[in-house]
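1. With the sequence up front, the predicted model follows.
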Number of protein chains: 2
Amino acid sequence: MFKKYQLLVWYGLSLALLLALLRWMELKYLLYEHAFEVYAVFIAVFFLIIGIWLSKKLTRPKIRTEVMEKIVYRDTSLPFELNQKLVDELGISSREMEVLQLMAAGLSNQEIAAQLFVSPNTIKTHLARLFEKLDVGKRVQAIEKAKRLGLIP
Amino acid sequence: MFKKYQLLVWYGLSLALLLALLRWMELKYLLYEHAFEVYAVFIAVFFLIIGIWLSKKLTRPKIRTEVMEKIVYRDTSLPFELNQKLVDELGISSREMEVLQLMAAGLSNQEIAAQLFVSPNTIKTHLARLFEKLDVGKRVQAIEKAKRLGLIP
DNA sequence: ACTAAAATCACCCGAAAGTATGAACCCGAT
DNA sequence: ATCGGGTTCATACTTTCGGGTGATTTTAGT
């Protein structure tokens, strides 16, 4: 019910806490005349970070898909080429591919979550779907199969 | 020469201006007791916006190229060659190599144990040693590193 | 505008994996 | 013979994964 505004509440509380902290510091240490500027910097930095984070959270990178048709000749050195057709066939979403790549790099669910700025639970969901689509039960198997199918290098 | 830091200077000036403005307002209108909170909100909003803008500015859009048609000439001549020297260097035993191979194939500890006719605990011990020798903490990382080092195909 | 798909998050539970420690056995080499 | 490395196993404990379920919100396509 309150989930919707959880974020706002969280921010509000954070701000309040910050202000309280600063007030307390003022009382405690009898900050000199430039106390205000100190506050300003504190708040500025805090909200600068919040802003950056928020932006990253809100702006899902608009992925422009450029469709190009070309013929590739490969010789001994083989650069990885994504099997896009298979990705579509299996119905693997772009987010799932991201998670797959990070997982294949050896990251734990928690690390992937941190990397993508989402909850670990979300990663679990993505992986569960991915496992189902790849018809496997474990991450190692998923990686092995994905490599075999040309989904990852 | 200063182009690089132009942005920073600009921000600094903006902040200074903002502070001056607030100070002036304080003198002019004899702001009430909650002036500080007003300041805080001002600065917060200001830097929140700055942060969002900054983030947007810095993150470049992702471009995904979708290849429609491709002709691939596969070169199958890449026989796996074990990096025996590295195996010796790292002091990886033959049993550990066996376990590594099976693990890389996606088997669980229990399955590996069944395959090798030993206890799952033994597998755990082997893997623990292997992880230490490869300097990793998880099986996926171990597999990734082993592949990279030429220990497994 | 409506709908389907995708992405997000939460909670519970059991299984698997990983850590730490100790110990027994075999086998080749000093 | 004994010393060290390799293999085997155990117990106990913590963390991580994966399965199942349900929900909300965003995005994209008709």
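-> It's in.
2. C-alpha from now on. contacts and neighbour counts both.
-> Will do.
3. Can you give me the distance of the residue in chain A that DNA strand C sits nearest to to DNA strand D?
-> Ranked by C-alpha to the nearest atom of the strand, the top residue of chain A for proximity to DNA strand C is A:Val118, at 3.1 Å. Distance, A:Val118 to DNA strand D, using C-alpha to the nearest atom of the strand, to the nearest Å: 13 Å.
4. For that residue, the count of nearby residues, please.
-> 13 (other C-alpha atoms under 10 Å in any protein chain shown).
5. cool, A:Trp24 as well?
-> The local packing count at A:Trp24 equals 12, with neighbours defined by other C-alpha under 10 Å.
6. helix/strand/coil for it?
-> helix (DSSP: H, G, I helix; E, B strand; the rest coil).
7. The residue of chain A closest to DNA strand C - that's part of a strand, no?
-> No: under three-state DSSP, A:Val118 sits outside any strand and is assigned coil.
8. Those residues of chain A touching DNA strand C, which are they?
-> A:91-96, A:117-122, A:125-126 (C-alpha under 7 Å from any atom of the strand).
9. of all the residues you listed, which comes closest to B:Leu86?
-> For these, the closest approach to B:Leu86 (C-alpha to C-alpha) belongs to A:Glu96, at 35.0 Å.
10. and the residue of chain A closest to DNA strand C, what pLDDT?
-> Listed pLDDT for A:Val118 reads 93.
11. who's in contact with it?
-> With contact set as C-alpha atoms under 8 Å, 6 or more residues apart in numbering or on different chains, A:Val118 has no partners.
12. Got phi/psi on it?
-> As for A:Val118, its main-chain torsions (degrees, to the nearest 10) stand at phi -130, psi 180.
13. Tell me the spacing between it and A:Gly91.
-> 22 Å (C-alpha to C-alpha, to the nearest Å).
14. after the helix or strand of chain A with the lowest mean pLDDT comes which helix or strand?
-> Within chain A, confidence by mean pLDDT, DSSP states H and E is lowest for strand A:64-68 among all helices and strands, at a mean of 43. Next helix or strand after strand A:64-68 toward the C-terminus (DSSP states H and E): helix A:84-90.
15. Give me the below-cutoff pLDDT ranges for chain A.
-> Applying pLDDT under 70 to chain A flags residues A:1-14, A:25-43, A:45-46, A:48-82.
16. Do you have the helices of it handy? List them.
-> Using DSSP state H, the helices of chain A run over residues A:6-29, A:35-58, A:84-90, A:94-104, A:109-116, A:120-134, A:139-149.
17. With DNA strand D in mind, check whether the shortest one reaches it.
-> No: using C-alpha under 7 Å from any atom of the strand as the criterion, no contacts between helix A:84-90 and DNA strand D are found, and the smallest distance is 12.5 Å.
18. tell me which residues in that helix are buried?
-> Applying a neighbour-count criterion of 16 or more other C-alpha atoms under 10 Å in any protein chain shown, one finds A:Gln84, A:Val87 buried in helix A:84-90.
19. for it, packing partners?
-> Contacts defined by 3 or more C-alpha pairs under 8 Å, 6 or more residues apart in numbering or on different chains; DSSP states H and E place helix A:84-90 against no helix or strand at all.
20. repeat that for 10 Å
-> Here helix A:84-90 is seen to pack against helix A:94-104, helix A:120-134, helix A:139-149, strand B:63-67 when contacts are counted using 3 or more C-alpha pairs under 10 Å, 6 or more residues apart in numbering or on different chains; DSSP states H and E.
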